[in-house]
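Participant: I need the structure of the sequence given here:
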Amino acid sequence: MFDPDIAPSGTLLGLLQRGRGDGTLHALAAPRAEALAVLNDCVLRDPRRDWQVENRSLYYARLYMQLDGGLEEIERHLFHPDDLLDTGEERTGLALAVLGHLAAYGRDAARLLLRSYAAAGSNWRWALDELALRDDDAGLMSLAPAVLARFPATEQGEAELAAAVRDAFEPRPWRLWAEDPRYGARLSAAGEQGSFDRWQRQLRPRGPRPGWSVTEVLQWAQEGLDLEPAEHRYLAAARCLGAVVAPEDRPELLRAARSGPDAARAAVLHHLAERGDPDALDLIEDAATCPFSSEPLVSAALASFERMRSVAAVERARVW
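Facilitator: Okay, the predicted model is just below:
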């Protein structure tokens with residue numbers, strides 16, 4: 001996550017950055033050139049604090065359609081030299097998602113731009129996933145040479161290809177290419193390797209595994225943090241708690257949420273928040289505001305609160 005530069009809420013830029021419904025009305029009432037400039041600013045400099053949990057692409061795509069906006073600025077952004085240096089998904093992800101919606105609305109220019117970027121851009125996987133949902137078979141087949149050329153016929157290249165096939169969010173292009181005799185043998189081998197990799201990971205889970213009691217799950221949450229990020233650890237522990245917690249375990253959960261080790265405490269906060277426990281808000285506030293809380297614990301407490309959808313959570317947010 002990052003902290004974007006957000007304009008005041010009373011400005012057109014501030015309204016569109018926040019995804020406000022009245023932002024569309026203000027944009028349509030503003031001079032078209034001004035509205036398009038602000039819209040491009042939002043799409044090319046993603047204003048979301050956490051781009052993985054806020055969906056804004058459809059909102060912006062509809063506004064492009066209503067303003068009959070061109071795609072020149074998006075094209076310049078995607079193919080800027082920075083694309084070779086800054087390969088993070090957050091730089092181009094929103095623009096690619098907007099193009100995907102525009103392609104679904106029948107904008108051929110958006111689909112062609114996605115094809116060009118899938119063939120040459122650093123975030124080609126995202127572009128390919130967008131096309132998998134919107135392009136025809138002929139369009140996807142035309143991309144096979146460029147995409148497969150990214151993986152040289154070496155041991156490392158074949159391993160990277162297997163990982164790409166295994167982890168593809170939308171498998172349609174890979175399955176389509178596997179049916180072509182020119183690529184079938186290579187992609188069939190990559191698919192088999194990906195399946196084998198998944199099987200191997202199931203046979204060799206990393207680190208200790210929790211037992212089936214609340215105490216054991218909380219102990220496991222704190223163990224092996226050097227093997228994986230703390231966030232992954234406490235989220236996994238929270239899922240385990242959902243399977244093992246009984247009503248008589250609530251006192252132990254409350255003790256852990258107040259004074260347990262950070263990972264165990266974060267797991268319990270997440271578990272209680274998801275279930276709307278009446279003490280969850282107070283426990284989250286204690287963890288987030290205590291001057292002795294670590295930064296990962298504060299982040300975990302805030303993330304747990306963000307998942308709450310109750311009226312009480314909204315009222316507490318207003319008080320804060």
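Participant: where does the stretch 1-150 of the chain dip in pLDDT?
Facilitator: For the stretch 1-150 of the chain, the stretches with pLDDT under 70 are 1-4.
Participant: recalculate using a threshold of 90.
Facilitator: Scanning the stretch 1-150 of the chain for pLDDT under 90 picks out 1-6, 9-10, 20-21, 48-55, 87-90.
Participant: which stretches of it form helices?
Facilitator: With helices called from DSSP state H, counting those that start in this stretch, the stretch 1-150 of the chain shows them at 12-17, 21-29, 32-44, 57-67, 72-78, 82-85, 89-104, 108-120, 124-134, 137-148.
Participant: so for Pro296, which of these sits nearest?
Facilitator: Closest to Pro296 of the helices of the stretch 1-150 of the chain, according to C-beta to C-beta: helix 89-104, at 20.9 Å. In short, each C-beta sits where N, CA and C put it, glycine included.
Participant: report all helices and strands that that closest one contacts.
Facilitator: The elements that helix 89-104 packs onto, with contact taken as 3 or more C-beta pairs under 8 Å, 6 or more residues apart in numbering; DSSP states H and E, are helix 32-44, helix 57-67, helix 72-78, helix 82-85, helix 108-120, helix 124-134.
Participant: need those in JSON lines (columns: distance to Gly191 and mean neighbour count).
Facilitator: Output for the helices and strands packed on helix 89-104, formatted as JSON lines (distance: least, C-beta to C-beta, whole Å; neighbours: other C-beta atoms under 10 Å):
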{"stretch": "helix 32-44", "distance to Gly191": "35", "mean neighbour count": "18"}
{"stretch": "helix 57-67", "distance to Gly191": "30", "mean neighbour count": "18"}
{"stretch": "helix 72-78", "distance to Gly191": "29", "mean neighbour count": "17"}
{"stretch": "helix 82-85", "distance to Gly191": "29", "mean neighbour count": "12"}
{"stretch": "helix 108-120", "distance to Gly191": "20", "mean neighbour count": "19"}
{"stretch": "helix 124-134", "distance to Gly191": "16", "mean neighbour count": "21"}
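Participant: in TSV, list those along with distance to Val98.
Facilitator: Below are these laid out as TSV (distance: least, C-beta to C-beta, whole Å):
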stretch	distance to Val98
helix 32-44	6
helix 57-67	5
helix 72-78	7
helix 82-85	16
helix 108-120	8
helix 124-134	10
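Participant: mind checking which of those helices is nearest Leu16?
Facilitator: So among the helices and strands packed on helix 89-104, helix 32-44 is nearest, using C-beta to C-beta, at 5.0 Å.
Participant: kindly export that closest one (C-alpha atoms) in PDB.
Facilitator: This file holds the C-alpha atoms of helix 32-44, laid out as PDB (Å, rounded to 0.1, in the frame of the first residue of the first chain):
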ATOM      1  CA  ARG A  32     -14.900  18.300 -21.800                       C
ATOM      2  CA  ALA A  33     -11.100  18.900 -22.100                       C
ATOM      3  CA  GLU A  34     -10.800  19.700 -18.400                       C
ATOM      4  CA  ALA A  35     -12.900  16.600 -17.400                       C
ATOM      5  CA  LEU A  36     -10.700  14.300 -19.700                       C
ATOM      6  CA  ALA A  37      -7.500  15.800 -18.200                       C
ATOM      7  CA  VAL A  38      -8.700  15.000 -14.700                       C
ATOM      8  CA  LEU A  39      -9.900  11.500 -15.700                       C
ATOM      9  CA  ASN A  40      -6.500  10.700 -17.300                       C
ATOM     10  CA  ASP A  41      -4.800  11.900 -14.100                       C
ATOM     11  CA  CYS A  42      -6.800   9.400 -12.000                       C
ATOM     12  CA  VAL A  43      -6.200   6.500 -14.400                       C
ATOM     13  CA  LEU A  44      -2.500   7.100 -15.000                       C
END
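Participant: tilt between it and helix 89-104?
Facilitator: Computed with axes from the mean of the first three to the mean of the last three C-alpha atoms, to 10 degrees, the direction of helix 32-44 lies at 130 degrees from that of helix 89-104.
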